[in-house]
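**Q** got a predicted structure plus its sequence, pasted below:
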Amino acid sequence: MRRFLAVSAAVLAGFGILTTSGDANPESAIPATAEHAVNGWVGTWAAAPAAAVANTPDGYPGFSIRNVVHSSAGGGRARVHLSNAFGAAPLTFGHVTIAVQATGPDAVPGTLRSLTFGGAPSVVVPAGAEALSDPVDARIPADANLLVTTYVPTKSGPVTYHPAASQTSYFTRAGDFAGSEAGAPYTEQTSVWHYVSGVDVQGGADASIVTLGDSITDGVGSVAGANHRWPDYLADRLHGRFGVLNAGISANRLLLDVPGSGAGQNALSRFDRDVLSVGGVRTLIVLEGINDIQQDPHQTDPGAITSAYRQLVTQAHARGIRVLGGTLTPFKGWRVYDETLEATRTAVNTFIRTGGVFDGVVDFDAAVRDPADPLRMLPAYDSGDHLHPGDAGYERMAAAVRLDRL
């Protein structure tokens, strides 16, 4: 079990041998292609923009924010995605850098690179838009923590963020320290990711895998800072051959938005930005729908949920992306559980397993349920709230993915 809280400059981005394990999934309807990357670019990390930080009408002028993110695949060049998706005004990034983390906010000496945008050191991002940096030569190790630092010099309006980072990042209000290898200026901490939505690499992985979901994909219930979400454990098994991009948002739903909650737009609304527009995607794994069932207003018609699945698959296939459907995990014991909601989950899982819509199935339900009480999560896999797995549960979920189906 890994705990990559820091990495030295000697870390190598090696690629292991792909193995197979997990449940017996049907063969994919879409033949696997050897290369999905565009000009060799593959996503190594992502976080779906979820909402605007409450009470930030001026943004964070004068702040340098050092976001700690974790790579899945390595490469010799990098570029960064920045988001103003939930902003209400143009946002100026005055200085942006990327580095390999040594420890805390400190960068490994010699790894920090300043990024440009169309050759310029700064960029203005309109409200609702995103920006992609120019490529920079940078040795990005696989399975390592990176520091993506943004400096915003002026007032910008509401700040786009991802709430459930399960990671400690750092910031200072004292001006532009994006170029500082030393972490000393970064005297404050945050548990969310601001502005940064993705990191791509070139020269390593074949393609990327996107995991679309809610808090269970986002890693709620896992040990913070340990990179023990189930997509992280999947990346461990892939040994850097593919990038693994986490498009989970805590409390997210397939069909409805949850205004003011930080839960993001519904999965159909955000699908283009968080999945289809990501470069180098080979396979999508969908694990979403339990919030439609258990959140108020409860969705008790399985047909509405399965119709959404059909649309996700149709849109993904139009881009040549294969789709694996993840069965919804048990939630007996969760605070709103009842027989009506359970019947909906059971019907949805039957559709995922037998409906023939997905190119393959990842039976997360079977992987983590208690054989003595199949409607409940096995206690060893339960974080304690009976909805979210803990680290052992997330590791078990990742083990259920057939690598030969990716």
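**A** Perfect, thanks for sending it.
**Q** wait, Thr44 touches Val80, no?
**A** No - judged on Cβ atoms under 8 Å, Thr44 makes no contact with Val80 at a distance of 10.7 Å. Heads up, the C-betas are built off the backbone N, CA and C, glycines and all.
**Q** those two - which one has more neighbours?
**A** Shown here are Thr44 and Val80; by other Cβ atoms under 10 Å, Thr44 has more neighbours (35 against 28).
**Q** part of a strand, is that one?
**A** Yes - Thr44 forms part of a strand when assessed by DSSP: H, G, I helix; E, B strand; the rest coil.
**Q** mind listing what it touches?
**A** Listed by Cβ atoms under 8 Å, 6 or more residues apart in numbering, the contact set of Thr44 reads 71-75, 140, 142, 199-201, 205, 208, 243.
**Q** host element of Ile98?
**A** Taking DSSP states H and E as the criterion, Ile98 maps to strand 95-103.
**Q** can you list the neighbours in contact with that strand?
**A** For strand 95-103, using Cβ under 8 Å, 6+ apart, the contacting residues are 5-9, 11, 64, 68, 78, 80, 82, 107-109, 111-115, 121-122, 133, 136, 138-141, 144-151, 176, 178-179, 181, 199.
**Q** give me phi/psi at the closest residue to Gly240 other than its chain neighbours?
**A** Spatial nearest neighbour of Gly240, excluding adjacent residues (Cβ to Cβ, 6 or more residues apart in numbering): Ala142 at 3.5 Å. For Ala142, the backbone dihedrals (degrees, to the nearest 10) come out as phi -70, psi 150.
**Q** so where do the strands sit in the stretch 201-350 of the chain?
**A** Taking DSSP state E, counting those that start in this stretch as the test, the strands found in the stretch 201-350 of the chain are 207-213, 242-248, 281-287, 322-326.
**Q** partners of whichever helix or strand comes after the strand holding Ile98 in the sheet?
**A** Note on strand 95-103: by DSSP H and E, the next helix or strand toward the C-terminus is strand 106-107. In the sheet, strand 106-107 lines up against strand 95-103 (antiparallel) (DSSP bridges).
**Q** what residue is smack in the middle of the chain?
**A** In the chain, the centroid-proximal residue (Cα atoms, centre = their mean) is Asn246; its distance is 1.9 Å.
**Q** which residues touch that one?
**A** By Cβ under 8 Å, 6+ apart, the residues touching Asn246 are Trp45, Ala46, Ala47, Ala48, Thr211, Thr217, Asp218, Gly219, Arg229, Pro231, Asp232.
**Q** just those residues: which are in helices?
**A** Cross-referencing these against helices under DSSP state H gives Thr217, Asp218, Pro231, Asp232.
**Q** right, and the third one touches Ala398 too?
**A** Yes - using Cβ under 8 Å, Pro231 makes contact with Ala398 at a distance of 7.5 Å.
**Q** who has more neighbours, those two?
**A** Ranked by neighbour count (other Cβ under 10 Å), Pro231 and Ala398 place Pro231 first, with 28 against 25.
**Q** list the contacts of the more buried one.
**A** Counted by Cβ under 8 Å, 6+ apart, Pro231 has contacts Thr211, Thr217, Gly219, Val244, Leu245, Asn246, Gly248, Ala398.
**Q** is it possible to get CSV of those that adds pLDDT and distance to Asp391?
**A** As requested, the contacts of Pro231 are exported to CSV (pLDDT from 0 to 100; distance: Cβ to Cβ, whole Å):
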residue, pLDDT, distance to Asp391
Thr211, 98, 17
Thr217, 98, 15
Gly219, 98, 9
Val244, 98, 17
Leu245, 98, 21
Asn246, 98, 16
Gly248, 98, 16
Ala398, 98, 11
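**Q** farthest pair within the residues you listed?
**A** Leu245 and Ala398 (14.5 Å; Cβ to Cβ).
**Q** so what's Asn145 bridging to?
**A** His70.
**Q** tell me how many other residues crowd the residue nearest to Ser383 when sequence neighbours are not counted.
**A** Leaving aside its chain neighbours, Ser383 sits nearest to Gly221 (3.2 Å; criterion: Cβ to Cβ, 6+ apart). For Gly221, the neighbour count with other Cβ under 10 Å is 21.
**Q** show me the contacts for Gly221.
**A** Ser215, Ser383, Gly384, Asp385, His388, Pro389, Gly390, Gly393, Tyr394.
**Q** what do you get for Gly74?
**A** Shown in contact with Gly74 (Cβ under 8 Å, 6+ apart): Ala13, Thr44, Arg139, Ile140, Pro141, Ala142, Asp143, Ala144, Val201, Gly204, Ala205, Gly240.
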